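**Q** The following block contains a protein sequence and its predicted model.
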Amino acid sequence: MAPSIVETQDLSSPSGVKFKVIVVGAGIAGLLTAIGLRLDGHDVTILEQAPAFGEVGAGIRIPPNSFKILHRWGIDLTYMKKTYSNGNRFLRYDTGKIIADMPHGVPELAFGGSYLKVHRADYLDVILKKAIEVGVDIRKNSRVDKYDWETPSALLGDGTRVDADLIVVADGVQSAARPIFQGHEMPPVDTGDIVYRVLIPAQEMLSDPDLRDLISQPWVSSWCGPDAHVIGYPIRGGETYNVVYCCSAHSVQDEELEEGETKRAFKNNAELVRRFAGWEPRVRKLVDLTNSTFLKWRLYDLDMVEHWVHPSNKGVLVGDAVHPMLPYMASGAAMACEDAATLRKLIRGATHKTLPAALAKYQKLRQPRASTVQKAGRALQATYHLPDGPAQQERDEWMVKDDARNPIFWGHKERRQWLFGHDAERF
Ligand SMILES: Cc1cc2nc3c(=O)[nH]c(=O)nc-3n(C[C@H](O)[C@H](O)[C@H](O)COP(=O)(O)OP(=O)(O)OC[C@H]3O[C@@H](n4cnc5c(N)ncnc54)[C@H](O)[C@@H]3O)c2cc1C
């Protein structure tokens, strides 16, 4: 049962002040922030550098903390193909033996929203349609090259200047704006991990008795092994299986991504066959079924970004631009959704005079929470990739206990409640 309050679309500004807002970047963070602000009647323009919209061919989890915001804002996921999540299942890499099951229970009752597993393109499509429906002005082919923080204005490559009252920058993990806000260089840190993101048609798995249950029992399965883990879950109502092979880069005996190269498309699974040769039969079968184009992707993160608000008080960062994280908490986009919700609520009551205070409060509310999730992603990296031995045995023993010492974030009820029960619009 989803929360019953859904907003009607009033589109008038509650404080009476209608801000002109530029959003840089039309990823999940930019689009959701644009929708939120537009729902309150602000004039919102998105500037996106890409000539067309598209998402990576991969799955994404929408946890209850973001689902409840989407639902409340009338972003209707009803007709999107989706799979509801059972919870997390952890398995040994070599035998497939279950180490621990961590069911979510009934997320709608426990946390106030559903827990969905979907295809990224489907998710982006729904958000994009909503942005268009509420009247966000979306401009493709509009790369922002420079900012003038006096006005403030965004300056495009072709010389166009777009003026606003506020610039929300959602330009992603390699953000060009982040260093400007800090006053010094701040590239994201190479985490040392790479991932291969793969989609497998479920039909090929349903015909194999070993693989069938991975589709019919919608766990997020994580096989944990030395220097690598493999995450798999069904999406699109069980039509497709999403697999992410996550490895310490040094453990992959193949051609490295070039310096500065963040992702590369592959067709041949030879690299995966070699890397996962010693893993249990189901993992090897998933590797064998990896026969269409997939991506090899370098992972970056940061611990905590100090300045979320530009010193002029006319710019603010959201999404991966301000809290890039390892994907192991499955929460990067959910944090972006929370950013949008908190920012929207704070700007709702603001005037030109009180806008700086609203932005400062946005940072104060969001920074510690996002930083906790960033650090938790790093902790999981170490936990998942332990070599066999005493530390791994201790990990496995704690993983079945609902205790603060359980090394898996969701393994402790209080932490689950903190993460999924959060409502970014209630403060
Ligand atoms: C393997 C993997 C699995 C993940 N799984 C999950 C999950 O299950 N759940 C979850 O919540 N999160 C997950 N995440 C994280 C999530 O994908 C990201 O946090 C989220 O997509 C970030 O969105 P964003 O809008 O901040 O950035 P982006 O999607 O990178 O968007 C940035 C946009 O800005 C545009 N842009 C950049 N510079 C400019 C410029 N100068 N001018 C104009 N436009 C510009 C870009 O073209 C792009 O469209 C995962 C990540 C990975 C890598």
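**A** Perfect, I can see it now.

**Q** Next one: the closest residue to the ligand within the stretch 101-250 of the chain from residue 327, what distance?
**A** Residue nearest to the ligand within the stretch 101-250 of the chain: residue 172 (2.7 Å; C-beta to the nearest ligand atom). All C-beta spots, glycine's among them, are computed from the backbone N, C-alpha and C. In this view, residue 172 and residue 327 are 14 Å apart by C-beta to C-beta, to the nearest Å.

**Q** More neighbours: which of those two?
**A** Between residue 172 and residue 327, counted using other C-beta atoms under 10 Å, the more crowded position is residue 327 (22 against 19).

**Q** So residue 364: helix, strand or coil?
**A** When classified by DSSP: H, G, I helix; E, B strand; the rest coil, residue 364 comes out as helix.

**Q** do you know how far it is from residue 370?
**A** With C-beta to C-beta as the criterion, residue 364 and residue 370 are 12 Å apart.

**Q** So for the two, which residue has more residues nearby?
**A** Neighbour tally, residue 364 and residue 370, criterion other C-beta under 10 Å: the higher count belongs to residue 370, 24 against 11.

**Q** Residues touching the lowest-mean-pLDDT helix or strand in the chain, excluding its own?
**A** Using mean pLDDT, DSSP states H and E, strand 263-266 stands out as the lowest-scoring helix or strand of the chain, at a mean of 87. Strand 263-266 is contacted from outside by 196, 257, 293, 294, 295, 296, 297, 298, using C-beta atoms under 8 Å, 6 or more residues apart in numbering.

**Q** now check stretch 74-87, is it near the ligand?
**A** No: contact of stretch 74-87 with the ligand (C-beta under 6 Å from any ligand atom) is absent, the minimum separation being 10.2 Å.

**Q** Dump that stretch to PDB, restricted to CA.
**A** Presented in PDB, the C-alpha positions along stretch 74-87 are these (Å, rounded to 0.1, in the frame of the first residue of the first chain):
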ATOM      1  CA  GLY A  74       2.500  12.600  -8.800                       C
ATOM      2  CA  ILE A  75       5.300  10.900 -10.700                       C
ATOM      3  CA  ASP A  76       3.300   7.900 -11.600                       C
ATOM      4  CA  LEU A  77       5.200   4.600 -11.700                       C
ATOM      5  CA  THR A  78       2.000   2.500 -12.100                       C
ATOM      6  CA  TYR A  79       2.500   1.600 -15.700                       C
ATOM      7  CA  MET A  80       6.200   1.300 -15.700                       C
ATOM      8  CA  LYS A  81       7.400  -2.300 -15.800                       C
ATOM      9  CA  LYS A  82       8.900  -3.100 -12.500                       C
ATOM     10  CA  THR A  83       9.900  -5.800 -10.000                       C
ATOM     11  CA  TYR A  84       9.200  -5.500  -6.300                       C
ATOM     12  CA  SER A  85      12.200  -6.300  -4.100                       C
ATOM     13  CA  ASN A  86      12.200  -9.200  -1.500                       C
ATOM     14  CA  GLY A  87      15.400  -7.900   0.100                       C
END
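
**Q** Now do it: distance to the chain's middle.
**A** 16 Å (C-alpha atoms, centre = their mean, to the nearest Å).

**Q** And for stretch 266-279?
**A** Distance, centroid of stretch 266-279 to centroid of chain: 26 Å (C-alpha atoms, centre = their mean).

**Q** Can you get me the start-to-end distance on it?
**A** Stretch 266-279 has an end-to-end distance of 21 Å (C-alpha to C-alpha, to the nearest Å).

**Q** who in the stretch 251-400 of the chain is up against the ligand?
**A** Residues of the stretch 251-400 of the chain lying near the ligand by C-beta under 6 Å from any ligand atom: 297, 319, 320, 321, 327, 330, 331, 332, 333, 334, 336.

**Q** Buried only: go through those residues for me.
**A** With burial judged by 16 or more other C-beta atoms under 10 Å, the buried subset of these is 297, 319, 320, 321, 327, 330, 331, 332, 333, 334, 336.

**Q** SS state for the first one?
**A** The reference is to residue 297. strand.

**Q** and it, what is it in contact with?
**A** By C-beta under 8 Å, 6+ apart, residue 297 lies in contact with 194, 195, 196, 197, 262, 263.

**Q** Quick one, which of those residues are buried?
**A** Here, 16+ other C-beta under 10 Å leaves 194, 195, 196, 197 buried among those.

**Q** ok, and does the longest strand along the chain reach over to the ligand?
**A** Longest strand in the chain by number of residues, with DSSP state E as the criterion: strand 189-201. Yes: using C-beta under 6 Å from any ligand atom, strand 189-201 reaches the ligand at 195, 197.

**Q** Which neighbouring elements make contact with that strand?
**A** strand 240-248, strand 294-301, helix 355-384 (3 or more C-beta pairs under 8 Å, 6 or more residues apart in numbering; DSSP states H and E).

**Q** Nearest to residue 185, out of the ones you listed?
**A** Closest to residue 185 of those is strand 294-301 (C-beta to C-beta; 14.3 Å).

**Q** If you compare the directions of the helix or strand where residue 394 lies and helix 355-384, what angle comes out?
**A** Assigned by DSSP states H and E, residue 394 belongs to helix 390-399. For helix 390-399 against helix 355-384, the angle by axes from the mean of the first three to the mean of the last three C-alpha atoms, to 10 degrees is 120 degrees.

**Q** Summarise which helices and strands the next helix or strand after helix 390-399 is packed against.
**A** Sequence-wise, the next helix or strand downstream of helix 390-399 (DSSP H and E) is helix 413-420. The contact analysis (3+ C-beta pairs under 8 Å, 6+ apart) places helix 413-420 against helix 64-72, helix 107-111.

**Q** residue contacts, the closest residue in space to residue 75 that isn't next to it in sequence?
**A** Nearest non-adjacent residue to residue 75, counting by C-beta to C-beta, 6 or more residues apart in numbering: residue 130, 5.0 Å away. Contact analysis of residue 130 by C-beta under 8 Å, 6+ apart lists 35, 73, 74, 75, 76.

**Q** element containing the last one, please.
**A** It refers to residue 76. Short version, using DSSP H and E: residue 76 is in no helix or strand.

**Q** Not counting sequence-adjacent ones, nearest residue to it?
**A** Using C-beta to C-beta, 6+ apart, the nearest residue to residue 76 is residue 126, at 7.2 Å.

**Q** Next up, the contacts around that neighbour.
**A** Residue 126 makes contacts with 75, 76, 77, 80, as judged by C-beta under 8 Å, 6+ apart.
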